[in-house]
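Engineer: the sequence isn't on hand, but the structure is:
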């Protein structure tokens, strides 16, 4: 069984062709905040998730397996409450009371979203909010839950960059030989006959 043990930092740009080809792992929010999890990729392969404590995965995150392969995270639709109001004050009051209960909340421009809870739904309606139960992906604010993401100025950037380069080397397979001058080295994707990419990541100097 393969293990997914590394989360690729979002500032490291992976070639779209590699992201598109990566198998997917669809998880609900409760599963995406577990650092230890036995799961199944969407094509049926069983895997083990083994990430640093406090990591919370988001839709579109890229994981690296112990064999160097990429896996893309997909947020699964789940039972949620979508909260709206006729005025900003009511929506703000709803957010305040949810925050008092330490409830994970996804904050939109004109809505709040939380995991389905009939007790909270009743409370929100009593506050004057409009509450609708739907099946949708749920991605709450990450600040209070760690988030699991790093930025270019973090001390772990060098490690992340090295991981991205490793993925590049392991997937940069030529279908036919090239001479050094067959093509230039700009960010681009060759046609299907060549089937490889260049410049998987940007230079770390760009992030300093």
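Structural biologist: The structure has been received and is ready for your questions. Bear in mind the structure is a predicted one, so any value in this text is a computation, not a measurement.

Engineer: distance of residue 75 from residue 18?
Structural biologist: Residue 75 sits 20 Å away from residue 18, going by Cβ to Cβ, to the nearest Å. Heads up, the C-betas are built off the backbone N, CA and C, glycines and all.

Engineer: any idea which element residue 37 lies in?
Structural biologist: Residue 37 belongs to strand 36-40 when assigned by DSSP states H and E.

Engineer: who are the packing partners of that strand?
Structural biologist: Packed against strand 36-40 by the contact rule (3 or more Cβ pairs under 8 Å, 6 or more residues apart in numbering; DSSP states H and E) you find strand 24-27, strand 46-50.

Engineer: buried residues in it, which are they?
Structural biologist: Using 16 or more other Cβ atoms under 10 Å as the test for burial, strand 36-40 gives residue 37.

Engineer: strand partners of it, parallel vs antiparallel please.
Structural biologist: Next to strand 36-40 in the sheet, as set by DSSP bridges, lie strand 46-50 (antiparallel).

Engineer: what average pLDDT does the partner strand get?
Structural biologist: What strand 46-50 shows for mean pLDDT is 96.

Engineer: offset the numbering so it begins at 5, please.
Structural biologist: Done: numbering now begins at 5, and the last item shifts to strand 50-54.

Engineer: which residues touch residue 119?
Structural biologist: 33, 34, 82, 83, 84, 85, 107, 108, 142 (Cβ atoms under 8 Å, 6 or more residues apart in numbering).

Engineer: in strands, which of the residues you listed appear?
Structural biologist: When DSSP state E is applied, the contacts of residue 119 are split such that 82, 83, 84, 85 fall in strands.

Engineer: quick check: next helix or strand after the helix or strand where residue 11 lies?
Structural biologist: Secondary structure from DSSP H and E places residue 11 in strand 6-12. For strand 6-12, the following helix or strand on the C-terminal side (DSSP H and E) is helix 20-25.

Engineer: quick one, domains of the protein?
Structural biologist: Domain ranges of the chain: 6-80+149-175, 82-140, per automatic domain parsing.

Engineer: looking at those domains, which has the lowest confidence?
Structural biologist: Among those, domain 6-80+149-175 has the lowest mean pLDDT, at a mean of 81.

Engineer: show me the contacts for residue 43.
Structural biologist: Under the criterion of Cβ under 8 Å, 6+ apart, the contact partners of residue 43 comprise 29, 31, 35, 50, 51, 52, 53.
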